[in-house]
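Asks: sequence? don't have it. structure:
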Ligand code: 4NP
């Protein structure tokens, strides 16, 4: 799960997907992680409103730590989900081949294929903004769990 800051959208996505996989007894078979591109919050926990929003839905992201996207992530992960076009371009800049980029997709494309819709960045916004973003990510993660379960991912 990739966004710009790795303190709002992608840590929520990491926590939500991991939570849903655990609920479905699939927690041990899938590795979920998140990262970003700006080092401003390196090593920090997610944004307090991201933690609060997730917690109110039973998802604990309080212990996650900010990290930067690395070239090696292309080797480690089968799928790389980005939140918006800026993230897509950032990932593309680090990529080494077309094969790397085949792993990359917009998170919302699992709900609306090929629409390239973005997940709005709630950074600097209100609790309502974080809740709206949470819902969009949550819906996408529900689809991802189903895709993994039915092996269509
Ligand atoms: P995120 O939001 O990409 O959803 O984590 C942001 C958080 C921090 C910054 C940018 C976006 N920043 O520039 O520090």
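Replies: The structure has been received and is ready for your questions. Everything numeric here is computed off the predicted structure, so don't read it as measured data. Residues are numbered from 1 along each chain as shown.

Asks: any idea of the pLDDT on the residue sitting furthest away from the middle of the chain?
Replies: The C-alpha centroid of the chain is most remote from residue 97, which lies 22.1 Å away (Cα atoms, centre = their mean). The model reports residue 97 with a pLDDT of 98.

Asks: going forward, the N-terminal residue is numbered 562.
Replies: Fine by me, first position is 562 from now on; the one you just mentioned is residue 658.

Asks: just say helix, strand or coil for the closest residue to the ligand within the chain.
Replies: Ranking the residues of the chain by distance to the ligand (Cβ to the nearest ligand atom) places residue 566 first, at 2.3 Å. (Each C-beta comes from the backbone N, C-alpha and C, glycine too.) What DSSP: H, G, I helix; E, B strand; the rest coil gives for residue 566 is coil.

Asks: before we move on, what about the one 10 residues further on?
Replies: Remark: residue 576 carries the secondary structure label helix [criterion: three-state DSSP].

Asks: neighbours around residue 601, how many?
Replies: 11 (other Cβ atoms under 10 Å).

Asks: check residue 639 too.
Replies: 8.

Asks: contacting residues for it?
Replies: 664, 714 (Cβ atoms under 8 Å, 6 or more residues apart in numbering).

Asks: kindly confirm my reading that it forms part of a helix.
Replies: No: Residue 639 is assigned coil when assessed by three-state DSSP, not a helix.

Asks: now it: phi and psi?
Replies: phi -80, psi -30 (degrees, to the nearest 10).

Asks: state the distance from it to residue 611.
Replies: 25 Å (Cβ to Cβ, to the nearest Å).
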